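Chemist: take a look and give me a structure for this.
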Amino acid sequence: MLDWSAVGNGWRNLYLLSSLVQALALGLFFAKRRLWVKRSRLGAFLAGAALTPLIQYLWTLLLALAWPQASKWVYIGVLPLIAAVYLLVTALGSIRRIVPLTLRAWAWLKRLLRMDRAALVSLCFTLAMAILLAPICIRAATDANVAQADAGEYMALGLRYCEDRDLGALLDKDDATGHFRGNSHFPSLELYMAYGLMHTSDTYGYPYDKPMITGLGLLVFYLLSAFSALLIQVTRGKKRWILLGLLLFNLVPNYVFSLFGAARDSWRCLAILAAAVALCELRPQGDWKRYLGKLALMTGLCFTVMSTHVVSFVVLPFLVVAWVLLCWLEALYRREGSAGRTLLRSAGLALGGAAGTLAAYAGNIWCYLQWGQFSPWRLMTTYTDAPWYQLYLQGEYKLEETTTHLNFWKDRYDIVMAYATPIGLWGLRLAVFGLAAALVVLIVRRLRIRREVRSLLGDDRKNGPVAVFVRDTEMQLARAERVRAVLAASLFTLFTLVPMSGLLDTHLYSFSGSFLTLQRYTLQWFMLACVTIAAVLAAAEAEWPQVLGWVKHAGGRTIAALRGRWPGAGLWARRVPALLGALLCVLAFAQGTSESGYANSFYRYGRPMLTDESTAQDTGFLQRYTLLLKLNDLVPQDEKILVTRPGYQYALHAKGYVLTSNPIVPLMNLPLSQVGDALRQMNVAAICTEPDFWDERYYALSTLSEYLNSLPDKQIIDDGTMRVYLLDESLIGKLTAGAETPEAAGTV
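Modeler: Just a heads-up that it's a prediction; the model follows:
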């Protein structure tokens with residue numbers, strides 16, 4: 001006999017094997033063709049591997065539209081089968097070339113491991129950080145605590161799809177019954193969770209949901225793959241700056257909270273980083289067939305990114321606008337006479353991206369047509385002057401933050417600093433510096449070429465039109481690549497900052513106020529800031545020899561005298577970028593592991609999770625939701641369970657009704673004498689909440705709170721983490737009968 005844990009682990013291992021095969025296949029496919037990261041096969045491999053969960057979501061969406069009732073083996077078997085066949089065919093096709101391929105792989109590995117002393121110092125600190133962070137990431141991939149907070153609601157939506165295979169139900173917001181709402185954007189994360197939930201023997205949901213839990217935890221590894229691919233791309237493979245970027249990732253603020261409580265943030269940031277990788281080297285040139293292919297890529301890419309989260313609606317369009325400017329500025333830099341045509345062609349691709357964005361935003365548009373509101377967060381539309389309502393607006397609606405309009409130039413330090421991490425501030429500084437430097441180089445190059453052309457033409461222009469072809473040297477071509485990389489990193493970072501600057505603020509809603517207060521919505525900004533820091537420093541290192549040459553020429557006798565007095569001055573001057581890179585890596589490591597002061601790091605806030613027993617696999621989930629798991633089995637389908645948080649929905653298998661949704665919310669506005677009759681008329685069996693959530697927040701000011709706290713003690717079940725008010729007296733005694741938990745009871 002196998003207990004549920006062994007069964008769940010078995011299916012989890014199958015899911016891990018399936019995802020590994022898919023990631024290898026996608027990475028190999030991208031690496032062979034150098035897709036998205038042309039200068040590095042490793043970068044292309046990481047970019048392809050990072051797309052694995054997004055491909056799994058798109059596959060589930062395709063089935064949800066075309067064949068929702070397909071067998072679960074179709075859902076979970078087709079992708080790994082295709083991946084395995086591709087890997088097998090590629091391996092068989094390479095047998096005859098195994099010797100040269102082995103030699104090339106060995107040469108590539110030697111180039112990868114060739115480092116100077118400063119780079120080795122950076123590598124040591126990066127490996128040390130990886131060793132420190134790996135257990136935290138592994139704990140995240142095995143911990144059922146991700147089923148809490150808003151992730152619990154998304155899990156319940158994924159569970160709902162697995163049970164009824166109805167895509168429309170994920171967009172449902174049934175105000176007539178007060179049932180918890182679906183999300184008013186395409187339910188991408190929910191379908192990705194459904195893909196994981198399909199990896200079960202016969203029963204969906206807890207406790208057989210280890211594949212889904214693991215899938216959510218794996219998002220951090222996919223995110224790191226996309227982040228690393230972007231670093232490789234914009235630094236042009238410069239090892240010391242790639243290592244610095246990886247260390248800076250540890251200083252991204254508030255990511256630990258998102259990792260364990262708001263899985264959608266990792267999901268959204270993964271898609272945005274993948275889009276940045278794709279856009280960095282996407283150019284609008286090519287014949288009409290290639291152009292149509294790029295148009296389809298842009299449309300599909302924007303659809304996928306937009307569908308990950310409604311917040312992307314105020315980030316993705318600016319990312320695409322930054323790409324259009326990038327293409328135009330690069331064309332101006334190369335001075336090939338096609339800047340205007342490039343601008344028009346890139347704008348055409350951007351329109352395809354807009355179509356994909358609006359298609360993914362269709363859920364929000366549908367919600368607006370249904371209920372006259374766009375936002376998926378605004379559950380409650382019944383306004384009242386009841387005493388609890390003002391606290392609700394301040395706490396849940398975050399009225400002060402969402403209506404506070406910031407002056408960017410006045411509050412820029414608070415906006416980009418966020419919890420005293422240096423990433424935002426230096427990311428902004430270097431993004432501005434990098435953009436300004438690239439524009440100066442562009443202007444100087446255009447003036448120089450114009451002067452050269454005029455000197456070559458001389459008086460020949462009198463004899464009719466003359467074409468002059470200026471061939472760039474290898475050094476100039478390399479500089480053009482650096483200019484594009486710096487422009488890409490700087491523009492993406494600065495344009496991602498736009499929603500935080502107050503530009504989009506209206507009298508109804510302040511994006512700047514909410515982005516400042518809810519730092520987890522700004523994670524993509526800090527990640528791109530890390531990339532910009534690495535990109536600008538990598539470009540500066542490449543330009544350093546030319547800077548030294550200019551100083552030597554301009555300094556004349558002074559520099560010659562200095563070199564005479566200090567023969568090693570030239571050697572140390574050439575080493576400045578390497579020493580700076582090593583120093584910054586040491587500082588990033590020290591800042592990332594500091595235990596006092598204003599340090600903010602992934603490691604510092606993630607380390608306690610390794611010693612907290614509640615984060616070990618299912619421990620925390622059971623401690624918090626054991627009452628709800630048992631209640632779910634006891635309450636008949638014709639009775640309601642009211643909940644104060646949508647996050648309880650997963651433990652209740654999506655049976656809950658949110659207390660602040662219409663028409664449930666009028667219940668809290670009734671006179672005390674009418675509350676009991678209203679609850680009986682609604683056929684409510686139980687009300688579930690957390691003690692502190694009920695006692696210390698706005699619910700305590702309602703007449704409903706007064707009524708519930710007047711119930712007999714036997715009808716109030718409180719285990720310290722959850723409180724259940726039993727209104728159906730037939731449930732009294734059943735909820736606390738025995739101490740048996742699903743862990744002890746479940747056998748197969």
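Chemist: going by C-alpha atoms from here, please, whenever you check contacts or count neighbours.
Modeler: Fine.
Chemist: and the longest strand along the chain, which strands flank it?
Modeler: Ranked by residue count under DSSP state E, the longest strand found in the chain is strand 684-689. Each strand paired with strand 684-689, and its direction, by DSSP bridges: strand 640-643 (parallel), strand 723-726 (antiparallel).
Chemist: list the contacts of the last one.
Modeler: It refers to strand 723-726. 627, 685-691, 708, 715-718, 732 (C-alpha atoms under 8 Å, 6 or more residues apart in numbering).
Chemist: got the residues you listed as JSON lines, with neighbour count columns?
Modeler: What follows is the contacts of strand 723-726, written out as JSON lines (neighbours: other C-alpha atoms under 10 Å):
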{"residue": "Leu627", "neighbour count": "23"}
{"residue": "Ala685", "neighbour count": "23"}
{"residue": "Ala686", "neighbour count": "23"}
{"residue": "Ile687", "neighbour count": "21"}
{"residue": "Cys688", "neighbour count": "25"}
{"residue": "Thr689", "neighbour count": "20"}
{"residue": "Glu690", "neighbour count": "18"}
{"residue": "Pro691", "neighbour count": "16"}
{"residue": "Leu708", "neighbour count": "17"}
{"residue": "Gln715", "neighbour count": "20"}
{"residue": "Ile716", "neighbour count": "19"}
{"residue": "Ile717", "neighbour count": "18"}
{"residue": "Asp718", "neighbour count": "16"}
{"residue": "Ile732", "neighbour count": "15"}
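Chemist: of those residues, which is the nearest to Pro577?
Modeler: Glu690 (54.5 Å; C-alpha to C-alpha).
Chemist: quick one: pLDDT of the most centrally placed residue in the chain?
Modeler: In the chain, the C-alpha nearest the mean C-alpha coordinate belongs to Cys269, at 1.7 Å (C-alpha atoms, centre = their mean). Here the pLDDT value assigned to Cys269 is 94.
Chemist: how about it, what does it touch?
Modeler: 223, 523-524.
Chemist: I'd like the next helix or strand past the longest helix seen in the chain.
Modeler: Counting residues, the longest helix found in the chain (DSSP state H) is helix 422-457. Next in sequence after helix 422-457, counting helices and strands by DSSP states H and E, comes helix 474-496.
Chemist: and the very next helix or strand once past that following helix, what does it pack onto?
Modeler: Going down the chain from helix 474-496, the next helix or strand is helix 511-517, by DSSP H and E. When contacts are defined as 3 or more C-alpha pairs under 8 Å, 6 or more residues apart in numbering; DSSP states H and E, helix 511-517 packs onto helix 399-403.
Chemist: average pLDDT for the helix it packs on?
Modeler: For helix 399-403, the per-residue pLDDT averages 62.
Chemist: swap in stretch 704-713?
Modeler: Here the average pLDDT along stretch 704-713 is 89.
Chemist: run the chain-centre distance for it.
Modeler: Relative to its chain's centre, stretch 704-713 lies at 43 Å (C-alpha atoms, centre = their mean, to the nearest Å).
Chemist: circling back: what angle sits between the longest helix of the chain and helix 474-496?
Modeler: 140 degrees (axes from the mean of the first three to the mean of the last three C-alpha atoms, to 10 degrees).
Chemist: give the buried residues for helix 422-457.
Modeler: 422-428, 430-432, 434-435, 437-439, 441-442, 445-446 (16 or more other C-alpha atoms under 10 Å).
Chemist: distance of Gly10 from Ser19?
Modeler: Distance, Gly10 to Ser19, by C-alpha to C-alpha, to the nearest Å: 14 Å.
Chemist: burial count for Cys340?
Modeler: Not Cys; residue 340 is Gly. 12 (other C-alpha atoms under 10 Å).
Chemist: look up how far Met298 lies from it.
Modeler: 20 Å.
Chemist: cool, Thr611 as well?
Modeler: Thr611 is 45 Å from Met298, by C-alpha to C-alpha.
Chemist: neighbour count: those two, which is higher?
Modeler: Counted by other C-alpha under 10 Å, Thr611 and Met298 do not tie: Met298 has more neighbours, with 26 against 10.
Chemist: three-state assignment of the more buried one?
Modeler: helix (DSSP: H, G, I helix; E, B strand; the rest coil).
Chemist: wouldn't it be in contact with Thr357 here?
Modeler: No: in this structure, Met298 is not within contact of Thr357 by C-alpha atoms under 8 Å, at 9.9 Å.
Chemist: returning to that earlier point: distance to Thr102 added to the contacts of strand 723-726, as a markdown table?
Modeler: Conversion of the contacts of strand 723-726 to a markdown table gives the following (distance: C-alpha to C-alpha, whole Å):
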| residue | distance to Thr102 |
| --- | --- |
| Leu627 | 58 |
| Ala685 | 67 |
| Ala686 | 66 |
| Ile687 | 65 |
| Cys688 | 61 |
| Thr689 | 61 |
| Glu690 | 60 |
| Pro691 | 63 |
| Leu708 | 72 |
| Gln715 | 71 |
| Ile716 | 69 |
| Ile717 | 66 |
| Asp718 | 64 |
| Ile732 | 70 |
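Chemist: going by distance to Thr532, which of those wins?
Modeler: Glu690 (42.9 Å).
Chemist: where does the closest one fall, phi/psi-wise?
Modeler: Glu690 adopts backbone torsions of phi -100, psi 140, taken as degrees, to the nearest 10.
Chemist: what's the distance between it and Phe589?
Modeler: Glu690 is 39 Å from Phe589, by C-alpha to C-alpha.
Chemist: what stretches of the stretch 101-250 of the chain score poorly on pLDDT?
Modeler: Within the stretch 101-250 of the chain, the ranges that satisfy pLDDT under 70 run 147, 149, 171-186.
Chemist: show me where it has helices.
Modeler: Counting by DSSP state H, counting those that start in this stretch, one finds helices in the stretch 101-250 of the chain at the ranges 117-142, 149-164, 188-197, 210-234, 239-249.
Chemist: secondary structure element for Ile717?
Modeler: strand 716-718.
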